[in-house]
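A.B. asks: With the sequence up front, the predicted model follows.
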Amino acid sequence: MFVATLAIFTACKKDEDKTFAFPQVNAPAIQEVVAGSSVDMEFAFTSEAGFKSASVSAVNGTATIKTDGTADSKSGTIVVTFTASSNAGAGAVELTVTDKESQATKATAVISVVLEQVIFYVSGNITEDVTWKTGKVYVLQSRVTVVSGVTLTIEPGVVVKGEAGTGENATALLIARGGKLNADGTAEKPIIFTSIADEIMPGQFESPNLEPSVNGLWGGLLVLGNARISAAAESVQIEGIPPSDPNGLYGGTNDADNSGVIRYISIRHGGANIGEGNEINGLTLGGVGSGTIIENVEVVANQDDGIEWFGGSVSVTNALVWNAGDDAVDTDQAWSGTLDNFIVVCGDDTDHALEIDGPEGSKLAGHIVKNGTVKGNPASELGDFRSGARGEFMNIYFFDFPSPAVDGRGDFSLSGDATIANFANGDLIFSGLQVTLPAEVELSAVFKNGTAAHASSVAAGANTVGANASAFGWTWAAKAGGLAGM
């Protein structure tokens, strides 16, 4: 009995005298955390004596234990949530693990707290799918091309700015054939394309420093597709892009081609000159197919045309052009889509509100332009239909144009025998044209070549045709009072 008792006592004594290793704690690698945001961090531990408790402290932020260790466990993971302060700089999270023997070990995770990056610089072609994020500014430092097979997604509220440049150095965003642009803004958060000289930032809509008449500060937006065009060849080089760049080719055989979505975008202060008489339009659509969605587009103060179609079959709904430096709406190469519900506000440099050109090749399709309101300027003409123009133009209201007797402006004319012949044979159709005339000006003095038969004179504000202006409340033109009286 004495021997047995001694053995039990000796065993207990050995347990009491056992020495346990201190806990081991492994901190995660160095992390970068945006000021004011939170991140979860995992600390792995081992505890020979068994886990008892953990505590945490932080530098340049706060820390809490999100997932604690399990009591008596020999190993595990503790998850800590770190919330960075608003100050950039070094930070740290220190975790202390205590075991059942009250032995404690500390581990420190090093953190770099950074201010959120808002401005991103873009140069060179986009060769893989990418998304430009809401709340950010993307600065084009060169002509940036979305190449074939690649999609650029631009989220609502993004501001895209082009640096200054002329000639082959003109900045622009080019969507090549086979590429896609998904620029799907909203009325509350439109996507803005503008110049680096514009001090506008995400969350703002009206420029804080540039007037809506300042143009030519960068290039513009060009979308090219594989739809049919009427030109000397099936595909040709778009104007505004140097011939040395093969991404400037447009045209093909697929009228249903899809170049993406363009919705609620405002393009401003563009039209940089790349050569003698060769500027970039605000929005250029070359061979763009009917699978592309284009709705709710505003072009403000472009040195060349506001929107220009070069063939293709894409339709556009709710388009506004304000202060174009050349023509507001320009169509070429047998574009076969529809422009529905549009407003043109001519500026001091606007040449034609409508400049409509005919085919240049074998494709003879026409397009439809309807439901438009056009506000004139003493320097501007209502429209010029040229080079065998084709199509149907209906329900358009014109006002505030000068008398054609002054400098030959303020008229609506057909130019060239081919255009006049198309009007006579029904390939060029007009209906529902209304105008508020200057005092003592006859309808036939404005609507020439027999087009007066399809037009009528109305008092100011008495028009029964024109655009639905309520669709344009989101635009800079509307917010700046440019649509008064519409």
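C.D. replies: Received it, and whenever you're ready, just let me know what you need.

A.B. asks: which ones are touching residue 364?
C.D. replies: Residue 364 makes contacts with 230, 334, 390, 427, as judged by C-beta atoms under 8 Å, 6 or more residues apart in numbering. The C-beta positions use only the backbone N, C-alpha and C, and glycine is treated the same way.

A.B. asks: what's the answer for residue 248, then?
C.D. replies: If you count contacts by C-beta under 8 Å, 6+ apart, residue 248 has them with 174, 176, 224, 237, 238, 241, 242.

A.B. asks: And residue 261, by the same measure?
C.D. replies: 181, 182, 183, 184, 292, 293, 294.

A.B. asks: out of those residues, which one sits closest to residue 124?
C.D. replies: The shortest approach to residue 124 among these belongs to residue 181, at 16.9 Å (C-beta to C-beta).

A.B. asks: wait, is that closest one part of a helix?
C.D. replies: No - counting by DSSP: H, G, I helix; E, B strand; the rest coil, residue 181 is not part of a helix but strand.

A.B. asks: Which one (most neighbours) among the contacts of residue 261?
C.D. replies: Among those, residue 183 has the most neighbours (other C-beta atoms under 10 Å), with 28 neighbours.

A.B. asks: Once you drop chain neighbours, what's closest to it?
C.D. replies: The shortest distance from residue 183 to any non-neighbouring residue, by C-beta to C-beta, 6 or more residues apart in numbering, is to residue 154 (4.2 Å).

A.B. asks: ok, back up a step: may I see the contacts of residue 261 arranged in JSON lines, with distance to residue 457 as well?
C.D. replies: Output for these, formatted as JSON lines (distance: C-beta to C-beta, whole Å):
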{"residue": "181", "distance to residue 457": "42"}
{"residue": "182", "distance to residue 457": "45"}
{"residue": "183", "distance to residue 457": "41"}
{"residue": "184", "distance to residue 457": "42"}
{"residue": "292", "distance to residue 457": "38"}
{"residue": "293", "distance to residue 457": "37"}
{"residue": "294", "distance to residue 457": "33"}
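
A.B. asks: Surely residue 324 touches residue 308?
C.D. replies: No - Residue 324 is beyond contact range of residue 308, at 10.1 Å (criterion: C-beta atoms under 8 Å).

A.B. asks: Tell me where the stretch 1-150 of the chain has helices.
C.D. replies: Taking DSSP state H, counting those that start in this stretch, the helices of the stretch 1-150 of the chain run over residues 2-17.

A.B. asks: the strands in it, which residues?
C.D. replies: Under the criterion DSSP state E, counting those that start in this stretch, the stretch 1-150 of the chain carries strands at the ranges 24-26, 31-34, 38-46, 51-59, 61-67, 75-84, 89-99, 104-114, 119-122, 130-132, 137-140, 143-146.

A.B. asks: ok, of these, where does mean pLDDT dip lowest?
C.D. replies: Per-stretch mean pLDDT for the strands of the stretch 1-150 of the chain is lowest at strand 31-34 (a mean of 89).

A.B. asks: Give me the domain ranges for the protein.
C.D. replies: The chain breaks down into these domains under automatic domain parsing: 20-114, 119-479.

A.B. asks: deepest of those, which one?
C.D. replies: Neighbour counts (mean count of other C-beta atoms under 10 Å) averaged over each of these peak at domain 119-479, with a mean of 21.

A.B. asks: Span of it from start to end?
C.D. replies: 26 Å (C-alpha to C-alpha, to the nearest Å).

A.B. asks: OK, contacts around residue 355?
C.D. replies: Residue 355 neighbours (C-beta under 8 Å, 6+ apart): 305, 327, 329, 330, 331, 383, 384, 386.

A.B. asks: hmm, try it at 7 Å
C.D. replies: 327, 330, 384 (C-beta atoms under 7 Å, 6 or more residues apart in numbering).

A.B. asks: with those residues in mind, which one is nearest to residue 264?
C.D. replies: Nearest to residue 264 among these, with distances taken as C-beta to C-beta, is residue 330, at 22.5 Å.

A.B. asks: what sits up against the strand or helix carrying that closest one?
C.D. replies: Taking DSSP states H and E as the definition, residue 330 sits inside strand 329-332. The list of residues contacting strand 329-332 from outside it, by C-beta under 7 Å, 6+ apart, reads 305-310, 321, 339, 344, 353-357, 367.
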